[in-house]
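Participant: This is the structure alone, sequence omitted:
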Ligand code: NDP
């Protein structure tokens, strides 16, 4: 049997707690939350619930249907669509039409305008193309409004507004074999065509609601955080929600969104009840204004260097220098990379017992630290106890705030701990949790987005490929792509976003690298006068085999977790799950490999006609 050496124990430091007891507590907390209905516990924002996804920001639009052809149509005007348009422009491709459901560009930053909204990845890393389009974030973690302004500026500078179809939902894409183009239909009767289509629909786009009895009976006001109703709350993204001063408000959920919203609502509302199913693990934020002198002295190329450094440190690939120095670069090591990080530290590979020991111990220490923070920040011991998370750091999306925990010291703010059960039902007057009814004027759903359902269901449109095959059907048992971008049977169609590419802490890194790749292939096709491009069946087969399935240790990690959208609510074998596909190499290597593929110029794996 393998032993854990003294040098490895020394690296981890003193463990003055019972690790086995902690593991038992984690298992207990997972078990009380696992539900047989898994992802089906949620209500889709469709039919009688579709108003939860309506656009509260745009004026109603009446316009004639549009017809016309462009070289490229991009579905989605968020960061993915914008960076793709930017790299296409740099390649000399400007005949681009973006079709976007929202009333403006911005994607997630268009829809999410809730009070307290900030990017929780460092904005110098996150905000795309800062050197290319100018401007500099005013804080380390920018407000949502600043990010939205930056994204609109990119759209303006690229003249994307001219041909864009805003407030327009794509309903279907159909490949026309004879004409070798895509026919695109929309909810406004448009009939537009393009030689190439890029799907940049985003990941967390479709709001979801808890499937609780009586949700329609509530007579008070309700909305989802991604469609904030300032007409009701008063105030704005950056000013107090004055209308809530005489209101009893409930918030359902304690994810990354609620962690930002709760302090804003709590500082104003007459009463605030936060209905908690699983406590958030909230680390320090330490936001601060940008040092203008530092920003002014950055050398050209600084942003790309910083992005790569961030992912290298957060991914445990290097131990320094750490340019970003925040919660992400600290906890990035608490993943699969922990053992390789430790091996580098002690100068030899770890045996399997050591690898398991280091991985568990560092995670336990981190979570103990966060639980101790709660005792230090929250005055009432019972409230502090209720707010403590009992799961490993990566079971849930990490949260950061220097205001969330302190908000529970306010006399008007209460945590309603449902001990893992969630709210039971809604009545005409409010919410029932733990057998008690809480009377409310307003209930805000901070309940997140659909993940782990089929791609086309979340995108909201059908895609009919070369042989009349529908993409949802083709992907019924999970995504099948080449390089996470190209799809066999769907010529001249590219996808960017989460799926079968390497995921990144800052999604703009992934989206930008995919955009470069798409722009290169698309431009090559135009230059060579090619009619179609699509991956060969063999290339897809090989690629899919390389990204699936999860390793035994990865699967075990997720199975041990409290459920969340990371695990499709405990359904770790779900082929549509967020982490159902993981390339065998990390993001830096993955995107360097794509760059090398481009440099070779042979478009290996693609069939050209
Ligand atoms: P999440 O899916 O993370 O959280 C949903 C919350 O709703 C959870 O706390 C969940 O509890 C709770 N919930 C669901 N059903 C019930 C129920 N029946 N009763 C009580 N509670 C319930 O959504 P978020 O919107 O918070 O975050 C989604 C993602 O958006 C983040 O993970 C992050 O990736 C992104 N985001 C990014 C930000 C940024 O700055 N970059 C900021 C905010 C969000 P449970 O945990 O038990 O499931």
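Facilitator: Received, thanks. Worth saying up front: this structure is predicted, and the values here are computed from it rather than measured. Numbering: from 1, shown residues only.
Participant: mind checking the SS state of residue 223?
Facilitator: Secondary structure assignment for residue 223 (DSSP: H, G, I helix; E, B strand; the rest coil): strand.
Participant: next one: phi and psi at the residue nearest to it when sequence neighbours are not counted?
Facilitator: Spatial nearest neighbour of residue 223, chain neighbours left out: residue 229 (4.5 Å); criterion: Cβ to Cβ, 6 or more residues apart in numbering. Quick note: C-beta positions are derived from backbone N, CA and C, even for glycine. Main-chain torsions, residue 229, degrees, to the nearest 10: phi -100, psi 80.
Participant: How many residues are close by residue 229?
Facilitator: Residue 229: 14 surrounding residues under other Cβ atoms under 10 Å.
Participant: same deal with the one 10 residues further on?
Facilitator: By the other Cβ under 10 Å criterion, the neighbourhood of residue 239 contains 11 residues.
Participant: Residue 295 now?
Facilitator: What residue 295 shows, counting by other Cβ under 10 Å, is a neighbour count of 14.
Participant: so which helix or strand takes in it?
Facilitator: helix 292-296 (DSSP states H and E).
Participant: follow-up on the earlier one: ok, now which ones touch the residue nearest to residue 223?
Facilitator: Listed by Cβ atoms under 8 Å, 6 or more residues apart in numbering, the contact set of residue 229 reads 56, 221, 223.
Participant: Could you save those as JSON lines and add columns showing neighbour count, distance to residue 552 and pLDDT?
Facilitator: Shown next, in JSON lines, are the contacts of residue 229 (neighbours: other Cβ atoms under 10 Å; distance: Cβ to Cβ, whole Å; pLDDT from 0 to 100):
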{"residue": "56", "neighbour count": "16", "distance to residue 552": "46", "pLDDT": "97"}
{"residue": "221", "neighbour count": "15", "distance to residue 552": "48", "pLDDT": "98"}
{"residue": "223", "neighbour count": "20", "distance to residue 552": "43", "pLDDT": "98"}
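Participant: just the residues you listed now: which is nearest the ligand?
Facilitator: The ligand has its nearest neighbour among the contacts of residue 229 in residue 223, at 13.3 Å by Cβ to the nearest ligand atom.
Participant: how close does residue 71 get to residue 514?
Facilitator: Residue 71 sits 19 Å away from residue 514 when distances are taken as Cβ to Cβ, to the nearest Å.
Participant: what about those two, which has more around it?
Facilitator: Between residue 71 and residue 514, counted using other Cβ under 10 Å, the more crowded position is residue 514 (28 against 17).
Participant: Surely that one is in contact with residue 481?
Facilitator: No - using Cβ atoms under 8 Å, residue 514 makes no contact with residue 481, being 11.2 Å away.
Participant: Tell me who's in contact with the residue of the stretch 351-500 of the chain found nearest the ligand.
Facilitator: Residue nearest to the ligand within the stretch 351-500 of the chain (Cβ to the nearest ligand atom): residue 448, separated by 2.4 Å. Listed by Cβ under 8 Å, 6+ apart, the contact set of residue 448 reads 204, 207, 208, 253, 255, 257, 565.
Participant: quick one: which of these sit in strands?
Facilitator: Taking DSSP state E, the ones among the contacts of residue 448 that sit in strands are residue 208.
Participant: Among the contacts of residue 448, which pair sits farthest apart?
Facilitator: Farthest-apart pair in these is 204 and 253; separation 13.4 Å (Cβ to Cβ).
Participant: and the stretch 301-450 of the chain, which residues reach the ligand?
Facilitator: Within the stretch 301-450 of the chain, the positions lying close to the ligand (Cβ under 6 Å from any ligand atom) are 397, 422, 423, 446, 447, 448, 449.
Participant: Export these to TSV and append columns for secondary structure and pLDDT.
Facilitator: Compiled in TSV, those are given as follows (DSSP: H, G, I helix; E, B strand; the rest coil; pLDDT from 0 to 100):
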residue	secondary structure	pLDDT
397	coil	95
422	coil	96
423	coil	96
446	coil	98
447	coil	98
448	coil	98
449	strand	98
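Participant: In those, find the pair that's most separated.
Facilitator: Farthest pair in those, by Cβ to Cβ: 397 and 423, 20.9 Å.
Participant: Of these two, give the one with the bigger neighbour count.
Facilitator: Neighbour count, other Cβ under 10 Å: between residue 397 and residue 423, residue 423 has more, with 24 against 17.
Participant: Tell me the spacing between that one and residue 564.
Facilitator: 17 Å.
Participant: Please apply the same query to residue 205.
Facilitator: Distance, residue 205 to residue 564, using Cβ to Cβ: 18 Å.
Participant: Give me the pLDDT value at residue 333.
Facilitator: The model reports residue 333 with a pLDDT of 68.
Participant: what's the answer for residue 551, then?
Facilitator: In this model, residue 551 is scored at 75, pLDDT.
Participant: Also residue 587?
Facilitator: For residue 587, pLDDT reads 94.
Participant: surely it meets residue 504?
Facilitator: Yes - between residue 587 and residue 504 there is a contact under Cβ under 8 Å: 4.7 Å.
Participant: Overlap of the contact sets of these two?
Facilitator: 311, 510.
Participant: follow-up on the earlier one: buried residues, the helix holding residue 295. List them.
Facilitator: By neighbour count on 16 or more other Cβ atoms under 10 Å, the buried set for helix 292-296 is empty.
Participant: for the longest helix along the chain, which positions count as buried?
Facilitator: For the chain, the helix with the greatest residue count under DSSP state H is helix 352-377. Buried positions in helix 352-377, judged by neighbour count with 16+ other Cβ under 10 Å: 354-364, 366-367, 370-371, 373-374, 377.
Participant: Ok, stretch 171-181 next?
Facilitator: 173, 174, 175, 181.
Participant: who's in contact with it?
Facilitator: For stretch 171-181, contacts defined as Cβ under 8 Å, 6+ apart pick out 69, 75, 182-187, 193-195, 197, 460-466, 490-493, 531-532.
Participant: Of those residues, which belong to strands?
Facilitator: Using DSSP E, the subset of those located in strands is 69, 75, 182-186, 193-195, 197, 462-464, 493.
Participant: near the ligand, which of the contacts of residue 448 show up?
Facilitator: Among these, the ligand is touched by 204, 253, 255, 257, 565 when using Cβ under 6 Å from any ligand atom.
Participant: Turn those into a markdown table, including pLDDT, distance to residue 154 and neighbour count.
Facilitator: Below are these laid out as a markdown table (pLDDT from 0 to 100; distance: Cβ to Cβ, whole Å; neighbours: other Cβ atoms under 10 Å):
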| residue | pLDDT | distance to residue 154 | neighbour count |
| --- | --- | --- | --- |
| 204 | 95 | 21 | 22 |
| 253 | 98 | 31 | 26 |
| 255 | 98 | 28 | 21 |
| 257 | 98 | 25 | 26 |
| 565 | 97 | 29 | 21 |
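Participant: of the residues you listed, closest to residue 429?
Facilitator: Nearest to residue 429 out of those is residue 253 (Cβ to Cβ; 20.5 Å).
Participant: dump the residue contacts of the closest one.
Facilitator: When contacts are counted by Cβ under 8 Å, 6+ apart, residue 253 touches 275, 277, 445, 446, 447, 448.
Participant: which one is the third one nearest to, not counting chain neighbours?
Facilitator: When you say that, I think you mean residue 445. Nearest to residue 445 is residue 224, by Cβ to Cβ, 6+ apart, at 4.7 Å.
Participant: Give me the mean pLDDT for stretch 21-28.
Facilitator: 98.
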